[in-house]
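J.: Below are the sequence and a predicted model for it; my questions follow.
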Amino acid sequence: MDQSLPIDPCAEVADQLVDYAEHNLPEKEAARIAAHVAQCAACQQEVAEIRALTAEFEAVVPGVPSTKLRTNFLAMLAEEEATLQSAAPAPKAEGKQRWLTFDAPVAWMRIAASIALVAAGVLLGLLLGPAKNGAQLAASEAPADKSEQLAQALKIVPTPAVSASDRIRLVSQSPGKVEPGSPAVQVLINTLNFDPNPNVRLAACEALFRLRADPRVGEAFVQSLPIQTDPNVQITLIEILVELNERRAVPQLERLAKRRDALPVVRKQAEAGIGILI
């Protein structure tokens, strides 16, 4: 990495804009971000868009799985993981997992579609949400097979916006193993593609990498690459695609290597990935 690159002031506050917009920062830190936002039109626009999305979702009545359903789901996951570990053959030696840390400046953080907050709400409802609308979920609390419980627990329902730090924690707590066709995988894919915070998207990358045995994951990584604009996420996806030997990614890497809006280090990483995969 070129250490001589100047530090963009927007890059220094980008990861905290969501928490700032949602009034989740300490007073001193919020004052520092406010001083920058006051003189930066781009960041003012981002904060306005974040708050508009937050207001839109706060206007929707939340539906969250009950405590009993959530507890049953987590217990089921633990049981399933133990069963898989005892029944699965010894795994083949895998190549060393490579995660490239990249701290080049990021000039902007783009706000994606409002589905991002829906995906975050799913994870919040699964792991943290208090029991609500119990009468509506009475039927779902009856005994059911594991697939049905999982689908119910991960049913996509709108919830109020969650801070970026909470979304990172929730994504990081996602299971390392799920049943075939689990909705959890699609939730993580939505988070990777649409969450407005790049650090949340990075956490979704890592969570999906743990679930790489699911056939949807490799294709999701390939399709996500062209819609990412943050250099950290772009480079992490390239590293993952190379690690997975995902040759379907070559056309996307070729396009990324020619994108004028991509940083030089990203284009070089894409070129290196092409050289490995072809």
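T.: Noted; the coordinates are in hand.
J.: show me where this protein has helices.
T.: 9-14, 17-21, 27-38, 41-58, 67-87, 115-127, 146-153, 164-172, 183-194, 198-210, 215-224, 231-243, 250-258, 264-277 (DSSP state H).
J.: Of those helices, which shows the lowest average pLDDT?
T.: Mean pLDDT is lowest for helix 146-153 among the helices of the chain, at a mean of 42.
J.: what would the helices of the chain look like in JSON lines with mean neighbour count?
T.: Heads up, the C-betas are built off the backbone N, CA and C, glycines and all. Formatted as JSON lines, these follow (neighbours: other Cβ atoms under 10 Å):
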{"stretch": "helix 9-14", "mean neighbour count": "18"}
{"stretch": "helix 17-21", "mean neighbour count": "24"}
{"stretch": "helix 27-38", "mean neighbour count": "13"}
{"stretch": "helix 41-58", "mean neighbour count": "16"}
{"stretch": "helix 67-87", "mean neighbour count": "14"}
{"stretch": "helix 115-127", "mean neighbour count": "23"}
{"stretch": "helix 146-153", "mean neighbour count": "18"}
{"stretch": "helix 164-172", "mean neighbour count": "21"}
{"stretch": "helix 183-194", "mean neighbour count": "22"}
{"stretch": "helix 198-210", "mean neighbour count": "22"}
{"stretch": "helix 215-224", "mean neighbour count": "19"}
{"stretch": "helix 231-243", "mean neighbour count": "23"}
{"stretch": "helix 250-258", "mean neighbour count": "17"}
{"stretch": "helix 264-277", "mean neighbour count": "18"}
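J.: Please report the distance of residue 232 from residue 50.
T.: For residue 232, the distance to residue 50 equals 19 Å [Cβ to Cβ, to the nearest Å].
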